[in-house]
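Q: one predicted model, sequence on top.
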Amino acid sequence: MRQLLKVYFIMGSNNCKKDPLKVITEALDGGITLFQFREKGKDALTGAKKYALAKEIQSICKKYNVPFIVNDDVDLAIALDADGVHIGQEDESAERVREKIGDKILGVSVHNLEEARKAIAQGADYVGVGPIFPTKTKEDAKEVQGTSLILSLRKNGIQIPMVGIGGINTENAREVIKAGADGVSVITAISLAPSPFESAKQLVMTVNECL
Ligand SMILES: Nc1nc(C(F)(F)F)ncc1COP(=O)(O)OP(=O)(O)O
Ligand SMILES: [Mg+2]
């Protein structure tokens, strides 16, 4: 799991200006290690269109042997036989989701030590910690906390695979890893980059230099 979290690209059709299939193919060519389908927010697709896009992206990820994770939508993940699900504190409980998905990958967003301990107790395979830096992508993001939470979770003996999220790019990725995260997750650093391929490649090199 730690290896998979190194460069975790998250995207939905409304996070990119170019064709989403082109963006994900470039990101995969650049070496991303994990992908999350997060079709959410303004202009996000729904229903059959959302399912069709997810299925297309899933088949591209399969070609690169990169696991395909679905954000929030557990039923979609099961319908697609996705590799896993990511849920937040406002979504279905990790316990319930674990029952539904069996041994697929289960990721949980956490914002403090108590949420981290609960996620572990309920069978999470990894936790997402953030927002580390300011982000415009998630309108309802919680307050920015820098790398302090990663540091304090590790100091409190939280060993579970951990990925930082929120405003991360090639410039600030190093400090996220140095704080103790196993990887970085990004949306616009790749999805809105002039070259998603180059951005992904740079991020992979940067993270690998620190690990
Ligand atoms: N989607 C996410 N992925 C990660 C990951 F660990 F995968 F990097 N961490 C955190 C989030 C945020 O999850 P959540 O709090 O439910 O909000 P939203 O559903 O709007 O994304
Ligand atoms: Mg969510």
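A: Yep, that arrived. Ligands and ions are numbered 1, 2, ... in the order given.
Q: and this structure, which residues reach ligand 1?
A: 8, 10, 36, 38, 40, 71-72, 86-88, 91, 107, 109, 128, 130, 138, 163, 165, 185 (C-beta under 6 Å from any ligand atom). C-beta: built from backbone N, CA, C; applies to glycine.
Q: restrict the residues you listed to those near ligand 2?
A: Among these, the residues lying close to ligand 2 (C-beta under 5 Å from the ion) are Asp72, Gly88, Asp91.
Q: show only the entries of the residues of the chain next to ligand 1 found in strands.
A: Tyr8, Ile10, Gln36, Asn71, His86, Ile87, Gly107, Ser109, Gly128, Val163, Ile165, Ser185 (DSSP state E).
Q: run the angle between the longest helix along the chain and strand 7-11 for me.
A: Looking across the chain with DSSP state H, the single longest helix is helix 47-63. If you take axes from the mean of the first three to the mean of the last three C-alpha atoms, to 10 degrees, helix 47-63 sits at 160 degrees to strand 7-11.
Q: number of residues surrounding Gly88?
A: 18 (other C-beta atoms under 10 Å).
Q: that one and Ser109 touch, don't they?
A: Yes. Counting by C-beta atoms under 8 Å, Gly88 touches Ser109, with 4.1 Å between them.
Q: next, count neighbours for Lys136.
A: By other C-beta under 10 Å, 9 other residues sit near Lys136.
Q: pLDDT at it, what is it?
A: On pLDDT, Lys136 comes in at 89.
Q: what residues are up against it?
A: Lys136 makes contact with Thr188, according to C-beta atoms under 8 Å, 6 or more residues apart in numbering.
Q: and the residue of the chain nearest ligand 2?
A: Nearest to ligand 2, among the residues of the chain, is Gly88, at 3.5 Å (C-beta to the ion).
Q: would you map the helices across this protein?
A: So, for the chain - with DSSP H - the helices run 20-30, 47-63, 74-80, 94-101, 113-121, 148-155, 173-178, 188-191, 196-210.
Q: if you compare the ones you listed, which one is most tucked away?
A: helix 188-191 (a mean of 24; mean count of other C-beta atoms under 10 Å).
Q: how about it as CSV, C-alpha atoms only?
A: Extracted as CSV, the C-alpha positions of helix 188-191 are listed here (Å, rounded to 0.1, in the frame of the first residue of the first chain):
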residue,chain,number,x,y,z
THR,A,188,-4.8,20.3,-10.4
ALA,A,189,-1.0,20.0,-10.2
ILE,A,190,-1.4,17.3,-12.9
SER,A,191,-5.0,17.8,-14.3
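Q: show me what from this structure comes close to ligand 2.
A: Asp72, Gly88, Asp91.
Q: what separates the last one from Leu106, distance-wise?
A: Distance of Asp91 to Leu106, computed by C-beta to C-beta, to the nearest Å: 11 Å.
Q: contact partners for the nearest residue in space to Arg98 that is not next to it in sequence?
A: In space, Arg98 comes closest to Gly123 once its chain neighbours are excluded; the distance is 4.3 Å by C-beta to C-beta, 6 or more residues apart in numbering. Neighbour list for Gly123: Ala94, Glu95, Arg98, Leu106 [criterion: C-beta under 8 Å, 6+ apart].
Q: pretty sure the third one is touching Asp125, no?
A: So that's Arg98. No. Between Arg98 and Asp125 there is no contact under C-beta under 8 Å: 9.6 Å.
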